[in-house]
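**Q** coords please:
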Amino acid sequence: MNVKGQGLFLRESTGLVREIGPWTALLMNTAFIAFQSSFILLVSSMFNFPRGNPLTAIALAALLFLPLTILLNRVGVTYYRTASDYIFITRNLGPSIGFATMFMFVVDQMFFNAVLISLGLITGLAPALLAIGLSNHAQGLISLANSLMSNPLAIFLAGSVIFAVFILINIASSRAGTYLASAISLLGIITFIVTIILLYLYTPQIIKVINTTAPNLLNQASTVTGSLPSNGTVLDTIYLIPYLAYVFPFVNFILSVGGEVRRGSAMPIAIYGTYAISAIFLALGIWVTTSSLGINRLNGLFAIYYGLVSGVTWPSTLPPPYPQALLIMALRNPVLQWLVAIGSFTWYVNVVSVLVIQIARYLLALSFDRVLPSALAYVSSRTHTPIMAHVTDLVITLVIMYLYNFSVVPLLSATMDVSTLVTILMYFMIITITAIALGIRTRSIKTVALGIYTTGLFAWIAYEEVTDPMAYLFVPSINTYIIGFFAALFAVGVAIYYLVRLYRLRRENIDINILFREIPPE
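**A** The predicted model follows:
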């Protein structure tokens, strides 16, 4: 059957252009993995397992997740198409499962965008601004920082403007969106390096500022750490590994824009280079921070800040104990203060800069296969951007951001905190299961073994997060509402696929299943 002759494909090409080279691909993929915000996550969560060795945990996690990186690279170099992972799943596991997976994942990423911008303001920019305000006695900055940490309207308005700017730039030009993401990624890497160097150099001043501003706080922190519950050194170290699931698996951005990546070395450089950069800088950041400030002090400071210690409250004269905020208190140079502050914000929005690209490409791919409305597959011949896909992302994400910041639906707000767990259960595990199915079909023992191993690894990570949600997901419990929300999205995706298939069979005499027997033309 001549598929193209039957009018099944929307056009000869998506309209996207292969203009992403190896270094741009590397920077964009590094923005997506966001090792800097993962650094903040690990530093601020170690107190849950106070006797663990974070450097050992990073080394073990880097080894454990390396097979997944190998698998994702295979997918990328095999399917040089937009949404390579979607093509991989639909063509090897089944179109309905593949569509439902990516449908759920797209919505999940919209949730993630909404939360990440809010977190970038609350835990990235605001503490840094508060530190600048406190160190310079600038009441205006202190008020602004407090608003960005606690005022839902301020957080929503600031987040909405930032997100809208990202979307508008990407609508205006595909190349501009790519350059923006690359520039933010590079700025995030540079400012992280500068921050780590300054942390090392200014350790005595940081300790002096804390002792001067809040006498006896460091002694209390060290005492508190000794009373924190522990499973012992070995188990605490192992239980730190699930935090690294927030970083190492996420080398998959480049797969979503595979149709825009130049053939050759760009894909492997992006995937393996991102993995190496993230592992090295994350380890260096943790080593410098824990050796300079002391791991026991850090654990105690965060336990006090989160209100887990009776009789001890966090002093209002200090910003939250994030390393970059404490560093700013010790710096007297305003240029360095603002560089660290702005840089710490890029550690969060670097992900947003590439997520707006990723979401639009997934929407394009789902509509390109004639399951979602064809309007979402429209790519402007002038800007080379899927305009309607970007607009759809903007509208839905702003709605989610509003619901999240104003806690309109409390259960929905709780659902946001488990997006990583959902990604593991309903995205990464489906990719690894697809690898098993492909290995069985092609009789490749290596592929089957790779799929079984990575599926087992993610199953263990998911088990740990479900059984200890307060430590990993920052919610008191996991219930049917939280998991059920995304499971329902997956089920809706399956239903949409079959309803659209039935509709097109009856109205257009076209079976969209045929599309999934071939790889779409580029």
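**Q** drop to CA atoms for contacts and neighbour counts, all remaining ones
**A** Fine.
**Q** what is the least confident helix or strand in this structure?
**A** Ranked by mean pLDDT, DSSP states H and E, the weakest helix or strand in the chain is helix 410-416, scoring a mean of 55.
**Q** pull the distance from whatever helix or strand comes next after that helix to the chain's centre.
**A** The first helix or strand that comes after helix 410-416 along the chain, using DSSP states H and E, is helix 419-423. Here helix 419-423 is found 10 Å from its chain centre; the criterion is Cα atoms, centre = their mean, to the nearest Å.
**Q** so which elements touch helix 419-423?
**A** helix 95-119 (3 or more Cα pairs under 8 Å, 6 or more residues apart in numbering; DSSP states H and E).
**Q** quick one: residue 205 from residue 243, how far?
**A** 30 Å (Cα to Cα, to the nearest Å).
**Q** more neighbours: which of those two?
**A** A count of neighbours by other Cα atoms under 10 Å puts residue 243 above the other of residue 205 and residue 243, at 23 against 16.
**Q** hang on, the more buried one in a helix?
**A** Yes - counting by DSSP: H, G, I helix; E, B strand; the rest coil, residue 243 falls inside a helix.
**Q** I figured it hits residue 43, correct?
**A** No - counting by Cα atoms under 8 Å, residue 243 does not reach residue 43; the two are 10.2 Å apart.
**Q** wait, residue 164 touches residue 395, no?
**A** No - counting by Cα under 8 Å, residue 164 stays clear of residue 395, with 9.5 Å between them.
**Q** ok, the two, which is more surrounded?
**A** Using other Cα under 10 Å as the criterion, residue 164 and residue 395 rank with residue 164 on top: 16 against 11.
**Q** okay, the closest residue to residue 100 other than its chain neighbours and residue 487: tell me how far apart.
**A** Nearest non-adjacent residue to residue 100, counting by Cα to Cα, 6 or more residues apart in numbering: residue 493, 4.0 Å away. Separation of residue 493 from residue 487 (Cα to Cα) stands at 10 Å.
**Q** swap in residue 149?
**A** 32 Å.
**Q** quick one, which of those two is more surrounded?
**A** residue 149 (21 against 18).
**Q** in contact with that one, which residues?
**A** 121, 122, 123, 126, 127, 155 (Cα atoms under 8 Å, 6 or more residues apart in numbering).
**Q** tell me the contacts of the fifth one?
**A** When you say that, I think you mean residue 127. 145, 149, 319, 320, 322, 325.
**Q** mind giving me JSON lines with the residues you listed and columns for pLDDT and distance to residue 250?
**A** Converted to JSON lines, those look like this (pLDDT from 0 to 100; distance: Cα to Cα, whole Å):
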{"residue": "145", "pLDDT": "93", "distance to residue 250": "30"}
{"residue": "149", "pLDDT": "90", "distance to residue 250": "27"}
{"residue": "319", "pLDDT": "93", "distance to residue 250": "30"}
{"residue": "320", "pLDDT": "91", "distance to residue 250": "28"}
{"residue": "322", "pLDDT": "93", "distance to residue 250": "23"}
{"residue": "325", "pLDDT": "93", "distance to residue 250": "27"}
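**Q** and of those residues, the nearest to residue 190?
**A** Each of the contacts of residue 127 was scored against residue 190 by Cα to Cα, and residue 325 proved nearest at 17.2 Å.
**Q** who's in contact with the closest one?
**A** Neighbours of residue 325 in contact, by Cα under 8 Å, 6+ apart: 127, 128, 130, 131, 319, 341.
**Q** most neighbours, which of those?
**A** Neighbour count (other Cα under 10 Å) singles out residue 128 as the most crowded of the contacts of residue 325, with 33 neighbours.
**Q** so where's the stretch 301-450 of the chain uncertain?
**A** Applying pLDDT under 70 to the stretch 301-450 of the chain picks out residues 408-419.
**Q** what about the helices in the stretch 201-350 of the chain?
**A** Counting by DSSP state H, counting those that start in this stretch, one finds helices in the stretch 201-350 of the chain at the ranges 203-213, 217-227, 233-240, 253-256, 266-293, 295-305, 323-330, 334-368.
**Q** circling back to that earlier point, now the two most distant members of the contacts of residue 149.
**A** Greatest spatial distance in the contacts of residue 149: 127 and 155, 13.5 Å, computed using Cα to Cα.
**Q** what sits against the nearest residue to residue 377 once chain neighbours are set aside?
**A** Of all residues not flanking residue 377 in the chain, residue 364 sits nearest, at 4.5 Å (Cα to Cα, 6+ apart). Residues in contact with residue 364 (Cα under 8 Å, 6+ apart) are 376, 377, 378, 386, 389.
**Q** please report the distance of the nearest residue to the third one once chain neighbours are set aside from residue 25.
**A** Across the structure, with Cα to Cα, 6+ apart as the measure, the residue nearest residue 378 apart from its sequence neighbours is residue 386 (5.6 Å). Note on residue 386: its distance to residue 25, by Cα to Cα, is 19 Å.
**Q** wait, doesn't residue 355 sit right on residue 113?
**A** Yes - with contacts counted by Cα under 8 Å, residue 355 reaches residue 113, the gap being 7.1 Å.
**Q** more neighbours: which of the two?
**A** Ranked by neighbour count (other Cα under 10 Å), residue 355 and residue 113 place residue 113 first, with 27 against 24.
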